[in-house]
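Trainee: Please work out how this folds:
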Amino acid sequence: MSVIIFLISMMLFRLSYAKDEPKFVGPDTNVTVVVGRDAILSCQVQNLQNYKVAWLRVDTQTVLTIGPHVITKNHRVGVTGADPQAWSLTIRDVRMSDGGHYMCQVNTEPMITQTHHLHVAVPPDIVSGSNGEVMVREGDAVSLHCAATGIPYPTITWRREDSTQFKINGQNVMKWSGVWLNLTAVPRDLDGAFLCIATNGVPPSVSKRILLHVLCKPSALVSHKMIGGYLGEPVVLQCNIEANPTPVIYWTHHDGNKLQNGTKYQAVMSSQRYKHVSLLRISNVSRDDIGPYFCNVENSMGNARDDVTLYTLVTTTVKTTTTTARTETTLAEIDTTSVTSVQPYADMVEDPNHYGVDTDNFVVVLSQHQMQNLDISPSS
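Mentor: Take a look at the predicted model:
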């Protein structure tokens, strides 16, 4: 009987002793911190009693802290234990080299340990790729490249700066993923900026701007093939142009000579990417100004031209007669009254051998309203 009582007493003692032994509260942890920020690894111990908690760097077997004391000479390492059950290892201004496993250890016999892993995240950084400006001929292929680093490894996304679609692999897309953007049969309307955007879930994302120049032959298109202008008034001719590189633009009249800016002619140009608009202002229009004008465009890729014909609008005077009867005599007095109307020189006949215009061949066309205003009555 005494043996049984002894065994029972030993079991109860061991249970009581085991109940009072230190033990960890909570599982191992994985902590992710962005490089440059502070990391905190927490270790909670129940029933610590007079035992000590130590932190070690696993890969180097370096003792960092014992109890409230910092052992390592690394000034960025600290420890807090305000709560007897919570012992936190602090690493300030985390660096890439700080990533790895850290062990929380209690000096029991045998010792107990808990391992925590520190992940150091790095925002993306674009390290290489295409130059800021890339040139390609219209219809050719071009490849844009963009490479980035970061932890986790970044994803590269391409899109146009103006957020419009572009064609790749025969499909119209708003964006494309990959370190390479391969464009085939490049059209001129693809001229413009592309953005290479690197993201990995760690802010901030970064981007690089690559300006794609699509070199193309010039094209010219006037807004209207026929333009009318009043004698003595100014008129403006417009030519819409597509060309890259930026072209040389000049205007000529039917004699082929370049028109120079001055009091008579003023030419201005505005550009947006490969699209350009040239305006020619002709002051004080006269009959010498009628005829074709040519918008001429030249760049290293070729040349083009289009023409617009200027005709004049003038006022014409039509004679009408008004008959006034007098009671005193049998004579009729005829008064002449002038009716003024605006008429266009509507038709032009050109000499096929040159661009000169014979103004005598212009035909004045009267409207129905103008015909009704003509009062041609017989004399009495």
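Trainee: for the protein, what are the low-confidence residue spans?
Mentor: The chain contains residues with pLDDT under 70 at 1-19, 82, 314-380.
Trainee: How about the contacts made by residue 122?
Mentor: 34, 35, 96, 149, 150, 151, 202 (CB atoms under 8 Å, 6 or more residues apart in numbering). From N, CA and C alone the C-beta is placed, and that goes for glycine too.
Trainee: any idea how far it is from residue 154?
Mentor: 9 Å (CB to CB, to the nearest Å).
Trainee: coming back round to it: scan the contacts of residue 122 and report the most crowded one.
Mentor: Of all the contacts of residue 122, the highest neighbour tally under other CB atoms under 10 Å goes to residue 150, namely 22 neighbours.
Trainee: Of the contacts of residue 122, which belong to strands?
Mentor: 34, 149, 150, 151 (DSSP state E).
Trainee: Please name the residues that touch the first one.
Mentor: With contacts taken as CB under 8 Å, 6+ apart, residue 34 has the following neighbours: 94, 120, 121, 122, 123, 202.
Trainee: Based on its surroundings, how many neighbours for the fifth one?
Mentor: In this case it means residue 123. With other CB under 10 Å as criterion, residue 123 counts 21.
Trainee: For it, which non-adjacent residue is closest in space?
Mentor: What sits nearest to residue 123 in space, not counting adjacent residues and going by CB to CB, 6 or more residues apart in numbering, is residue 202, at 4.7 Å.
Trainee: next one: residue 80
Mentor: Leaving aside its chain neighbours, residue 80 sits nearest to residue 88 (4.9 Å; criterion: CB to CB, 6+ apart).
Trainee: Could you pull up the contacting residues of the one you found?
Mentor: 40, 41, 42, 43, 79, 80, 81.
Trainee: Help me confirm that it is found in a strand?
Mentor: Yes - assignment of residue 88 by DSSP: H, G, I helix; E, B strand; the rest coil places it within a strand.
Trainee: Give me the contacts around stretch 266-284.
Mentor: Residues contacting stretch 266-284 (CB under 8 Å, 6+ apart): 188, 191-192, 214, 216, 229, 232-244, 246-247, 249-251, 259, 261, 263-265, 289, 293, 295, 310.
Trainee: Spell out for me which residue occupies the centre of this protein.
Mentor: residue 161 (1.7 Å; CA atoms, centre = their mean).
Trainee: Report the contact partners of it.
Mentor: Going by CB under 8 Å, 6+ apart, the list of residues near residue 161 reads 192, 193, 194, 195, 209.
Trainee: on that earlier part again, how close does the residue nearest to residue 80 sit to residue 65?
Mentor: With distances taken as CB to CB, residue 88 is found 10 Å from residue 65.
Trainee: Now list whatever residues contact both of these two.
Mentor: By CB under 8 Å, 6+ apart, the residues touching both residue 88 and residue 65 are residue 79.
Trainee: which stretches of the stretch 1-150 of the chain form strands?
Mentor: 23-24, 30-34, 39-46, 53-57, 62-66, 69-70, 77-80, 86-91, 100-106, 112-129, 133-137, 142-151 (DSSP state E, counting those that start in this stretch).
Trainee: Just send these back as CSV, with distance to residue 270 too.
Mentor: Listed next are these as CSV, based on distance: least, CB to CB, whole Å:
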stretch, distance to residue 270
strand 23-24, 74
strand 30-34, 47
strand 39-46, 57
strand 53-57, 66
strand 62-66, 67
strand 69-70, 69
strand 77-80, 64
strand 86-91, 59
strand 100-106, 61
strand 112-129, 33
strand 133-137, 22
strand 142-151, 28
